[in-house]
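# A structural model of the following input is requested.
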Amino acid sequence: MNQGKYVFSQLTNFLPQRIFDRITSKYLGNKSVKHFTCWNQLLCMIFGQLSARKSLRDLMTIIQTHQSKSYHLGFGKSVTRSNLSKANEKRNFKIFEEFANHLIAIT
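Sure, this is the predicted structure:
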């Protein structure tokens, strides 16, 4: 049984979530969203990059294999391929662009 935090959770603890939430509210990213927030989307996409996933289907396969750990990884409960693809399609990309620019500026 795991006694501490997962490595992915330790890595994402370095991300400033308050700043991301401020940027998200600026662009109304979580407007009329109940479960799969922009933060959950960001964590899923970071997980895909770090695990070298080649497609959305490949990413969803690996997330579904870790379904019991998804809460502890920060993905939330409602991660499905349709939720993730709709979020990638409809949410404003400027949220993630501005957050990336902020991270680059503070390093």
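# all contacts plus neighbour counts: C-alpha atoms, from now on.
OK.
# how about stretch 45-57 as CSV, C-alpha atoms only?
Output of stretch 45-57 as CSV, limited to C-alpha atoms (Å, rounded to 0.1, in the frame of the first residue of the first chain):
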residue,chain,number,x,y,z
MET,A,45,-2.6,16.6,-20.4
ILE,A,46,0.6,17.0,-18.3
PHE,A,47,0.3,13.3,-17.4
GLY,A,48,0.0,12.5,-21.1
GLN,A,49,3.1,14.5,-21.9
LEU,A,50,5.2,13.0,-19.1
SER,A,51,4.1,9.4,-20.0
ALA,A,52,4.8,10.0,-23.7
ARG,A,53,1.3,9.2,-24.9
LYS,A,54,0.9,9.5,-28.7
SER,A,55,-2.9,10.0,-28.9
LEU,A,56,-6.0,10.9,-26.8
ARG,A,57,-7.1,7.2,-27.0
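# What ranges in the protein fall below the confidence cut-off?
1-2 (pLDDT under 70).
# Any idea how many residues pack against the residue lying closest to residue 53 once chain neighbours are set aside?
Closest residue in space to residue 53, ignoring its immediate chain neighbours: residue 59 at 5.6 Å, by C-alpha to C-alpha, 6 or more residues apart in numbering. For residue 59, the number of neighbouring residues by other C-alpha atoms under 10 Å comes to 19.
# going forward can the numbers begin at 394, since that is how I track them
Sure, I'll start counting at 394 from here, so that last one is residue 452.
# Isn't residue 452 up against residue 441?
Yes: counting by C-alpha atoms under 8 Å, residue 452 does reach residue 441; the two are 5.7 Å apart.
# for residue 422, helix, strand, or coil?
What DSSP: H, G, I helix; E, B strand; the rest coil gives for residue 422 is coil.
# could you list every residue that touches it?
Residue 422 sits next to 431, 484-485, 488 when contact means C-alpha atoms under 8 Å, 6 or more residues apart in numbering.
# Got phi/psi on it?
Note on residue 422: its backbone torsions stand at phi -70, psi -30 [degrees, to the nearest 10].
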